[in-house]
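Engineer: Quick one: sequence and predicted model below, then my questions.
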Amino acid sequence: QKEVEQNSGPLSVPEGAIASLNCTYSDRGSQSFFWYRQYSGKSPELIMFIYSNGDKEDGRFTAQLNKASQYVSLLIRDSQPSDSATYLCAVRGGGGGNKLTFGTGTQLKVEL
Amino acid sequence: GAVVSQHPSRVICKSGTSVKIECRSLDFQATTMFWYRQFPKQSLMLMATSNEGSKATYEQGVEKDKFLINHASLTLSTLTVTSAHPEDSSFYICSARPDPQRRYSYEQYFGPGTRLTVT
């Protein structure tokens, strides 16, 4: 079982719709969860991080964390073509270390 | 704030030569820097973690004698790929973690990456 799992996609949504990206993780002791956006040929850009169960909203983005289910998601409201990218879920383990473990990413395509 | 640069952005080298990649935190001090490698359509794989003034910690399967990491100051880390071979061709990305005293110091800020092609 992979430590951090994501559906590779592509996930296609029409412009203006809500895109829902999901991620599951295996380490129950994980403490911190991050969503990065990566455009083709570029390095990842941090979108959001979440530490506590529940929802965290920032503009059009909402991160949702459910530690009991070991599940973290990212919702993108009013999706725009510029949101088309690969979204990487990253998890920091519970050992207090610095290391992030990345999922393989979900490719999102927002269609006109 | 929190800008990380890498140099060079692209490099092409011949098999058997060595290549040095620099990673700099431009507006903050980075006690910890990370080096990742990403092959096409794959995720980021952590190669090593470096702390300023100490030896890097390499991930399992990463040859420390082949991928030399130096973190000589709080704003600079270098990765040297020694005796490069075509299979080392990849996208190398560094990230930097700010000083623990800084707010949100758990975040990692990524550099723009270096595309290495070994011919």
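Structural biologist: Great, that's in hand.

Engineer: Which residues of chain A lie near chain B?
Structural biologist: Neighbours of chain B within chain A, by Cβ under 8 Å from any Cβ of the partner chain: A:32, A:34, A:36, A:41-46, A:49, A:88, A:92, A:98-105. (Each C-beta comes from the backbone N, C-alpha and C, glycine too.)

Engineer: Show only the entries of the residues you listed found in strands.
Structural biologist: By the criterion of DSSP state E, membership of the residues of chain A next to chain B in strands covers A:32, A:34, A:36, A:45-46, A:49, A:88, A:92, A:100-102.

Engineer: excluding its backbone neighbours, what's nearest A:Gly16?
Structural biologist: Leaving aside its chain neighbours, A:Gly16 sits nearest to A:Asp78 (5.7 Å; criterion: Cβ to Cβ, 6 or more residues apart in numbering or on different chains).

Engineer: what about the nearest residue to B:Thr75 once chain neighbours are set aside, distance to chain A?
Structural biologist: Of all residues not flanking B:Thr75 in the chain, B:Ser25 sits nearest, at 4.9 Å (Cβ to Cβ, 6+ apart). Computed as Cβ to the nearest Cβ, to the nearest Å, the B:Ser25 to chain A distance reads 14 Å.

Engineer: residues near B:Ser25, how many?
Structural biologist: 26 (other Cβ atoms under 10 Å in any protein chain shown).

Engineer: just A:Phe102 next, same as before
Structural biologist: When neighbours are defined as other Cβ under 10 Å, A:Phe102 has 23 of them.

Engineer: And the one 5 residues further on, by the same measure?
Structural biologist: Residues contacting A:Gln107 under the criterion other Cβ under 10 Å number 20.

Engineer: I'd like to know the beta-bridge partner residues of it.
Structural biologist: A:Thr86 (DSSP bridges).

Engineer: now B:Tyr58
Structural biologist: Beta bridges link B:Tyr58 to B:Ala48, judged by DSSP bridges.

Engineer: which among the residues of chain A next to chain B end up buried?
Structural biologist: In the residues of chain A next to chain B, burial by neighbour count holds for A:32, A:34, A:36, A:43-44, A:46, A:49, A:88, A:92, A:98-105, counting by 16 or more other Cβ atoms under 10 Å in any protein chain shown.

Engineer: Can you pull the phi/psi pair for the closest residue to B:Cys23 other than its chain neighbours?
Structural biologist: In this structure, B:Cys23 finds its nearest non-sequential neighbour in B:Cys94, 3.4 Å apart by Cβ to Cβ, 6+ apart. Main-chain dihedrals, B:Cys94, degrees, to the nearest 10: phi -110, psi 160.
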